[in-house]
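> What follows is a predicted structure for the sequence shown.
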Amino acid sequence: MLASRTIAAAAAVTAAALYAGTGTAVAATAHSNGKANRLSVAAAAASRFDDGSFETPLAPAGSFQTYAAAQSIGPWRVTTGSVDLIGAGYWQAAEGDQSVDLNGTSPGAVAQTFTTTPGTKYTVTYSLAGNPGTPPVVKTGKVLVDGQDFQDFSFDITGKSSTNMGYVTRQLTFVARNPTTTLTFASTTANSARGPVIDDVLVQPCPPCPSC
């Protein structure tokens, strides 16, 4: 997992050194001084993207801890439903020791708000798997940037197990619109306590075109 995978960009991008994403949004400017002031306050309250591998807090080893809407998991917050923070040894992690099942007792979502530079393109990468316990065989979900659906995802658990989760890497890009951006991972796997599994999330500024 990615407890704090910070990628240092050039000194000119210090405050925006690491973030995550996939999709494309358009940069927007403040329409008034009042809005600009509100954005400045929001930026000051946020910090760089962190703990993309869900290493804090520690969940019980060989077990999991369920978090409901409005509760926090380190820099992440649960925005809807509930999710399970999976402890070391419960099943294979993509990076580090812990991961998140986006279905706790119901489909849930986790979000993190972090600083960005308006007009800058960012790349989000993450590892995707599914709770191998029981059906549904195909787990589904989506990634949102500032509430906008940027990427739908699905994962088939056929042939997978707790020791062979079969993680795949997914990627998306977005253009920051404001000094802060909110990245959300949400389950769309209904009627189940076993959903898609997310780990190793990384957000970073994209190199100048045509590299990105």
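Everything's here; your move.

> State the next helix or strand along the chain beyond the helix or strand of the chain with the lowest mean pLDDT.
Among the helices and strands of the chain, helix 33-45 carries the lowest confidence by mean pLDDT, DSSP states H and E, at a mean of 39. Using DSSP states H and E, the helix or strand that follows helix 33-45 in sequence is strand 64-68.

> Just checking the distance from that following strand to the centre of its chain.
Computed by C-alpha atoms, centre = their mean, to the nearest Å, the chain-centroid distance of strand 64-68 equals 17 Å.

> Residues in contact with the helix or strand following that strand: which ones?
Beyond strand 64-68 in the direction of the C-terminus, DSSP H and E gives the next helix or strand as strand 72-73. By C-beta atoms under 8 Å, 6 or more residues apart in numbering, the residues outside strand 72-73 that reach it are 54, 56, 57, 67, 78, 83, 85, 100, 110. The way it works is simple: take the backbone N, C-alpha and C, and place the C-beta from them, glycine included.

> Extract the CA atoms of the one helix or strand residue 122 maps to and return them as PDB.
Per DSSP H and E, residue 122 falls inside strand 121-130. Output in PDB follows, covering the C-alpha atoms of strand 121-130 (Å, rounded to 0.1, in the frame of the first residue of the first chain):
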ATOM      1  CA  LYS A 121      -3.400  17.800 -14.900                       C
ATOM      2  CA  TYR A 122      -3.000  15.000 -12.400                       C
ATOM      3  CA  THR A 123      -2.800  11.200 -12.800                       C
ATOM      4  CA  VAL A 124      -4.500   8.900 -10.300                       C
ATOM      5  CA  THR A 125      -3.500   5.200 -10.100                       C
ATOM      6  CA  TYR A 126      -4.900   2.600  -7.800                       C
ATOM      7  CA  SER A 127      -5.000  -1.100  -7.300                       C
ATOM      8  CA  LEU A 128      -8.400  -2.900  -7.600                       C
ATOM      9  CA  ALA A 129      -9.600  -6.300  -6.500                       C
ATOM     10  CA  GLY A 130     -12.700  -7.800  -4.900                       C
END
